[in-house]
Every structure is written in structure tokens, then in C-alpha cells.
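# this one's structure only:
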């Protein structure tokens with residue numbers, strides 16, 4: 001059974017940091033694009049960061065560039081999202097996801113259950 005399990009969400013003050021983790025089972029990250037997405041109720045899902053299936057290309061959403069860093073430890077089959085200088089507008093449910101081809105906001109093969117991140121002003 002394929003599973004992605006996020007952890008590390010919570011409440012933080014503006015300017016603070018959080019590190020999200022996503023542990024995968026049932027498949028390996030090798031040859032998969034992996035990424036983080038976020039969604040606020042009533043709004044469209046937003047791509048936050050992605051590592052391509054080759055592992056050579058990393059992309060970030062414009063609103064998080066320079067503040068967030070995506071990484072992965074393929075030996076542990078775990079990906080991470082380091083979030084620094086958090087802003088209230090970063091408040092959302094964050095999802096990790098994986099796909100056999102590429103990162104697509106609504107078309108990833110596998111999704112985690114989501115973890116809430118709340119940034120207070």
C-alpha cells in the first residue's frame with residue numbers, strides 16, 4: 001500500500017521557522033517527481049516546491065522563493081520542506097505528493113493527508 005505521511009506542522013509566529021517531513025512507503029522516490037503543495041479552504045491549491053524525477057531540477061512557487069527549501073533523503077524515503085521567515089499568508093494545509101512523471105498541482109499520483117501550518121502575526 002502506498003502511503004505518504006506528513007509531520008511537523010503547527011503554530012508559529014511570523015518570522016519563525018518550521019520543518020515539514022513526509023515519509024513514504026509502498027514505493028521509492030527514485031524516478032518520481034516529489035513536491036509540496038498547499039491549500040487554503042475556498043482557494044485553489046498552490047504548488048510550493050518540486051524536485052523533478054531526475055533529481056536535477058528544483059522549482060519553487062514565486063511566493064516562497066528564498067524562504068523555503070525542499071530536500072529529500074532517498075535512503076530514508078523521506079522528503080522535507082524547510083520553511084523560514086514564515087508569513088501569515090503561508091497559513092495553509094500543506095500536502096506532500098509524488099508522481100511518476102512530473103509535478104502537477106492537481107494530478108500527482110500519490111498524496112499525503114496534509115498537515116496544518118498556521119502563522120500568527
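Thanks, I have the structure now. All values derive from a computational prediction rather than experimental measurement.
# Grab the most central residue of the protein for me.
Centroid check for the chain by C-alpha atoms, centre = their mean gives residue 36 as the closest residue, at 2.1 Å.
# quick one: low-confidence ranges for this structure?
Residues of the chain meeting the criterion pLDDT under 70: none.
# For it, which segments are assigned as strands?
3-7, 10-13, 18-25, 33-39, 46-51, 58-60, 68-73, 78-83, 92-99, 110-111, 115-120 (DSSP state E).
# so how far is stretch 20-40 off the chain centroid?
In terms of C-alpha atoms, centre = their mean, to the nearest Å, the centre of stretch 20-40 is found 7 Å from the chain centre.
# Correction: the previous question concerned stretch 73-82.
Mean-position distance between stretch 73-82 and its chain equals 11 Å (C-alpha atoms, centre = their mean).
# what sits up against it?
17, 19-25, 28-30, 34, 36, 48-49, 51, 68-72, 94, 96 (C-beta atoms under 8 Å, 6 or more residues apart in numbering). For every residue, glycine as well, the C-beta is placed using N, CA and C.
# Show the buried residues in the residues you listed.
20-22, 24, 29, 34, 36, 48-49, 51, 68, 70, 72, 94, 96 (16 or more other C-beta atoms under 10 Å).
# check contacts around the residue of the chain most remote from its centre.
Distance from the C-alpha centroid of the chain, by C-alpha atoms, centre = their mean, peaks at residue 121 (22.4 Å). If a contact means C-beta under 8 Å, 6+ apart, then residue 121 has 14, 88 as its contacts.
# quick one: residue 7 and residue 21 touch, right?
Yes: using C-beta atoms under 8 Å, residue 7 is in contact with residue 21, at 5.1 Å.
# so what's in contact with the two at the same time?
Here residue 7 and residue 21 have no joint contacts, going by C-beta under 8 Å, 6+ apart.
# Identify the bridge partners of residue 51.
residue 34, residue 58 (DSSP bridges).
# before we move on, what about residue 116?
Assigned bridge partners for residue 116, using DSSP bridges, are residue 93.
# Surely it and residue 95 touch.
No: the criterion here is C-beta under 8 Å, and residue 116 misses it with residue 95 at 10.9 Å.
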